[in-house]
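> Prediction below, plus the sequence it came from.
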Amino acid sequence: MIFLALLSIWCVGMLGRGYWTPDEPREADIAWRMSWQADKAVPVLAGEAFCEKPPLTYWIAAAPIRLFGTAAWAARLPNLLYALITALSVGWLARRSVGGVAGLAAAAAMSTFLLSYQVAIWLATDAPLLAAESVALLGTYWGFYATNNRDRLRGYLLMHAALGLGFLCKSAVAWMLPALAILTLVVWERRWRELLRWELYAGLVVQAAMILTWIGFVYAGADGVAHLKVFFWNNLVGRFTQVDAPTELQYATAHRNSPGKYLIELPLYLVPWTLLVIAALRRAWLQRKASFDANRPLRFALAASLPTLIFLSLAATARNIYLAPALPGVALLLGWWVREVSAGPDPWDVRALRATSVLLQLGVLVCAAALILVGPDGWATMTSRAAFVLISTAGLAAAAVLARRAWTAAPLRDQHAPGWLFLAYCALLIGPSSQLYRQVDTWQDLGSIARAMQHDAAGRPLILFAPDETTRAMIDMYARTEVGWVPGPIDAAGIAHLRTAIEAAPYSLIVVQLPHSANAAAQRLATHFGARRHEETPAPDDASQLPWLRGTLLSVAKSYSVPNGRRYALLEWRESKQPD
């Protein structure tokens, strides 16, 4: 049941929706380019080298794109493999260190933490990185606690092989988790000799063979030295501190970190198992005086999570997905707790289980409200209204029943109570979420905008004015690969550069992004609670939302939008005319 539930939520999240912002349109364009570009060493975004990430993720995603086209489900097919590797690795780690029940629980938790599920279903480099880190942790445990040289060498070789692949996904950050875990365990257990074992370093040859081969191809290519500097200086060191680089390569200025950010947001990352993790930490604290060997899984779980949390908190940049590699340690802790609870829960464990049941039942109400709010947006054009209602209702009902069953099972020392909670959460991810995804897809259909632009601009050059990466990727993949590009910001200098570009390419049309429109569901909610009706305020015209047009010879030729999503305009220089 656990395997079928996991497979279902993965398929819904990975294969049942289109490309969503942020990031996915950019990643899709890079993978699409990789499927046909000649130089495979450096990823390319909209015709320009994209040196933020090494290319392994794009190599793998390019294979199904070559076979099945640019549909989102095709690009995300490898994510099924990444998710399966992550779950099996964490489950095997928990099984080796704690036991069979813990292995199942850890695999289920690792696959359903809100953060790890987001990483698993998202088209980005984080899903393969998380899979590689999970395998590396398994190898770390195998090698660190081996009782003979052969097993120690096998474990550390597995760790290094996984880290080599992780490096090719997201650079040297892949080394952070195992390195911090080993150092923490060495200090905690006073096993200083472990740092001198040759088996720990033998696998570096495997990593070097992978990484240096790729670096050699980058170096041999056009602008190889400049690309390597961006890969390893701007994008790696520049994530942790300010470096001397052009403005567009100052990565430390984006996603700014703040003191305690990760710790404050951690409860959200662990949803819906936050309270169970707190219960696990409480039980671990109570068991701190148990035998040294009995607490081995706890030490490893904490060494695989807390040092990474602390280290990332010191970085200049912060995004939730950066913390995903620390979640296998949390899943191991939760797997250990489930094993302990199966033997006999105490009153605090029962409270945690019951409180989680209540939260999941509240989640049923939240999902129902979301369906009611967004459903009318597409009701008129929906081709299968009966399926929308039936699937949503079935998922909500199943989640409510299973959460209620967990409530009644918890105080009866029923070892299946955590399993009922897991199945209840999966019912929410399968039933109502699948229908919500269909509605959100209509808000994220950037391909329709790009194709419409291409039709309306047939035979005329396109210039992108101050585009973000999503806009460049959208035009590149769905409209045309040869366009002009004037970077932002939109100011007097930028407008002057735009005029120069138009003079160099007469009869051009300019693509510019408009401010987002108000969300229709939010408008209905505000109206319901007494706000002034949206219809009473006429919508501003497109030109008025681009105040910098005043004093120029630019005018809006046509505008495009998706419901509750992005809006664009095609601008035309009034002095230019379409040639005969």
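Perfect, thanks for sending it.

> Asn295 is in contact with Leu286, isn't it?
No: counting by Cβ atoms under 8 Å, Asn295 does not reach Leu286; the two are 11.4 Å apart. In short, each C-beta sits where N, CA and C put it, glycine included.

> And the two? Which one has more around it.
Applying other Cβ atoms under 10 Å to Asn295 and Leu286 shows that Asn295 carries more neighbours, namely 16 against 11.

> Just give the closest residue to that one, not the sequence neighbours.
Excluding its sequence neighbours, the residue lying closest to Asn295 (Cβ to Cβ, 6 or more residues apart in numbering) is Gln287, at 6.7 Å.

> mind listing what that neighbour touches?
Residues near Gln287 by Cβ atoms under 8 Å, 6 or more residues apart in numbering: Ala294, Asn295, Leu298.

> Per-residue confidence, it, what does it come out as?
Predicted confidence (pLDDT) for Gln287: 90.

> for Ile510, helix, strand, or coil?
Assigned with DSSP: H, G, I helix; E, B strand; the rest coil, Ile510 falls in the strand class.

> in the stretch 1-150 of the chain, which spans are helices?
2-15, 24-34, 56-68, 72-75, 77-97, 100-112, 114-121, 126-144, 149-170 (DSSP state H, counting those that start in this stretch).

> Check the chain for its longest helix and report it.
The residue-count maximum for a helix in the chain (DSSP state H) belongs to helix 347-379.

> How far off centre is that one?
Computed by Cα atoms, centre = their mean, to the nearest Å, the chain-centroid distance of helix 347-379 equals 23 Å.

> Now the element after that helix, going C-ward?
helix 385-409 (DSSP states H and E).

> what angle do that following helix and helix 347-379 make?
170 degrees (axes from the mean of the first three to the mean of the last three Cα atoms, to 10 degrees).

> if you average pLDDT over helix 385-409, what comes out?
The model assigns helix 385-409 a mean pLDDT of 92.

> before we move on, what about stretch 3-18?
95.

> in it, what counts as buried?
Ala5, Leu6, Ser8, Ile9, Trp10, Val12, Gly13, Met14, Leu15, Gly16, Arg17, Gly18 (16 or more other Cβ atoms under 10 Å).

> show me the contacts for Val486.
Ile463, Leu464, Phe465, Ala466, Gly494, His497, Leu498, Ala501.

> One more pass at 7 Å, please.
Ile463, Phe465, Ala466, Gly494, His497, Leu498, Ala501 (Cβ atoms under 7 Å, 6 or more residues apart in numbering).

> In strands, which of those residues fall?
In this view, the contacts of Val486 that belong to strands under DSSP state E are Ile463, Phe465.

> of all the contacts of Val486, which comes closest to Leu177?
Closest approach between those and Leu177, by Cβ to Cβ: Ala466, at 37.6 Å.

> That closest one is in contact with Asp491, isn't it?
No: judged on Cβ atoms under 7 Å, Ala466 makes no contact with Asp491 at a distance of 9.4 Å.

> count of neighbours near Arg190?
9.

> And the pLDDT at it?
According to the model, Arg190 carries a pLDDT of 94.

> repeat for Leu549
The model's pLDDT for Leu549 equals 85.

> Assign Pro506 to helix, strand or coil.
Pro506 ends up coil, using three-state DSSP.

> gap between it and Arg499?
Separation of Pro506 from Arg499 (Cβ to Cβ, to the nearest Å): 12 Å.

> which of the buried residues of stretch 3-18 sit farthest apart?
Ala5 and Gly18, at 23.9 Å, using Cβ to Cβ across those.

> just how off-centre is stretch 96-106 within its chain?
Using Cα atoms, centre = their mean, the offset of stretch 96-106 from its chain centre is 26 Å.

> got a list of contacts for it?
2, 90-92, 94-95, 141, 296-297, 300, 331-332, 334-336, 338-339, 342, 418.

> If any of those residues are buried, give me the PyMOL selection for them.
Applied in PyMOL, the following selects the buried portion of the contacts of stretch 96-106 according to 16+ other Cβ under 10 Å:
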select buried, resi 2+90+91+92+94+95+141+296+297+300+331+332+334+335+336+338+339+342+418
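
> more neighbours, Ala466 and Asp491?
Neighbour totals were compared for Ala466 and Asp491, and Ala466 leads with 18 against 11 (other Cβ under 10 Å).

> what's near enough to touch the more buried one?
Val486, Pro487, Gly488, Pro489, Ile490, Gly494, Val512.

> Which ones among those lie within strands?
Using DSSP E, those in strands are Val486, Val512.

> Just the buried ones out of the contacts of Ala466, please.
Of the contacts of Ala466, these count as buried by 16+ other Cβ under 10 Å: Val486, Ile490, Gly494, Val512.
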